[in-house]
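Trainee: Got a predicted structure plus its sequence, pasted below:
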Amino acid sequence: MRLWRLMVTVVGVLLLAGSAGAADWRVPGDFPTIQQAIDSASVQDGDAILVDPGEHAGATVTKAVAIRARGTVQIVDGPVTGPFGKAGFFFPGGGQGSGASITGFTFDRIPLPIFSRGANDVTVSENAMTFFLQGVSNWGYGSWGNRWEISDNTMQQLMTDCGGGIGVLVGDFEGGTVSGNLVARNSIRGVLRLADDECGGYNAPGIVLYADFRGGATGAVIQGNLVTKNRVILKAKTSVLRGDPWLVTVSGIELSDTRDDLMNPLVITGNVFTYNNLRGMEVPFSFTPDNLPGVNTFENNYEAPPSRTPTLLLREARTPKLPGPSPIR
């Protein structure tokens, strides 16, 4: 009994010590902007940045902080990541921002709401995104991209601009292993909106696991990720199954190795897809190359064609070959 009491006391002291080190910081109460809060020497890993209602700029995330919206907080600006424009929250690479969380924000017309060039253990949850190119982009950059939780987000009205049109991306192009990610309970909906000068010739999936060998890149090994209980219902301007001409096609969930060569060793393996609701998608799942279903697990996913699609067309073109996606790096 004495030993048990001693153990309980020690655990309680450790818990109090851990919680005592974390602090809450308010924006704009303690800092005018989210970026100034992150950059402050007073704000440490494990602290929380609580953002009051209103319009705010996003930030480059370089610490393991919990960034949480208090009420309705709209992100209307953010750091520029490249030619495709601004991110809401940007993880610049090298593991910076690993352990951070982004919770409860609204992003409207921000091209890349959450964009990472290399971080681990990031949580992105309960956010709302509209009119964007890529909602959550988790690029591994060789050594990172592991153990993200991307959950309970709503994404509507995806857009393209000679690339993008993706809700959630998990992938790499620098030869890393990307694993342990959870993509769960996200809602991804709407009609894909194309740029006026759209290049076309690619697919826009709601969720994609992507081994990127484009332009001589070294791709990735993508394994041990779980994609579950997501709702994806996306539509293109024209029907895939009717054979109409199209610029950009859509699918619910895609697994893509850009080499598209059955002779190469498979690098997207051991991932689990379960209880995803893809009803109404003309192409619920798409695969590049075609043999990826055999080395990944698909169980209890809900698939049903749009009610307007004739049975004969479905029988003749049940799994049309789509072009691969063109994600933004």
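Mentor: Cool, got the structure.
Trainee: Flag every buried residue along stretch 177-184.
Mentor: For stretch 177-184, the neighbour count (16 or more other Cβ atoms under 10 Å) marks 177-181, 183-184 as buried. (Glycine included, C-beta is placed from N, CA and C.)
Trainee: Then stretch 257-275?
Mentor: By neighbour count with 16+ other Cβ under 10 Å, stretch 257-275 contains the buried residues 257-259, 266-268, 271, 273.
Trainee: Give me the subset of the residues you listed that lies in strands.
Mentor: 257, 268, 273 (DSSP state E).
Trainee: Mind putting the residues you listed into TSV with pLDDT?
Mentor: Below are these laid out as TSV (pLDDT from 0 to 100):
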residue	pLDDT
257	96
268	98
273	98
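Trainee: Would you mind giving these as TSV with distance to residue 250 added?
Mentor: Compiled in TSV, those are given as follows (distance: Cβ to Cβ, whole Å):
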residue	distance to residue 250
257	20
268	20
273	17
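Trainee: quick one on the thing from earlier: what's the closest of the buried residues of stretch 177-184 to residue 200?
Mentor: Closest approach between the buried residues of stretch 177-184 and residue 200, by Cβ to Cβ: residue 183, at 26.7 Å.
Trainee: Which other helices and strands does the host helix or strand of that closest one contact?
Mentor: Using DSSP states H and E, residue 183 maps to strand 182-184. Applying 3 or more Cβ pairs under 8 Å, 6 or more residues apart in numbering; DSSP states H and E, one finds that strand 182-184 contacts strand 149-151, strand 226-228.
Trainee: Excluding chain neighbours, give the residue nearest to residue 254 in space.
Mentor: Of all residues not flanking residue 254 in the chain, residue 205 sits nearest, at 3.7 Å (Cβ to Cβ, 6 or more residues apart in numbering).
Trainee: One more: residue 71?
Mentor: residue 53 is the one closest to residue 71 (Cβ to Cβ, 6+ apart), at 3.8 Å.
Trainee: these two touch, right, that neighbour and residue 106?
Mentor: No. The pair residue 53 and residue 106 does not pass the contact test of Cβ atoms under 8 Å, sitting 10.4 Å apart.
Trainee: Give me the contact list for stretch 175-184.
Mentor: 138, 140-152, 168, 170-172, 207, 218-230 (Cβ atoms under 8 Å, 6 or more residues apart in numbering).
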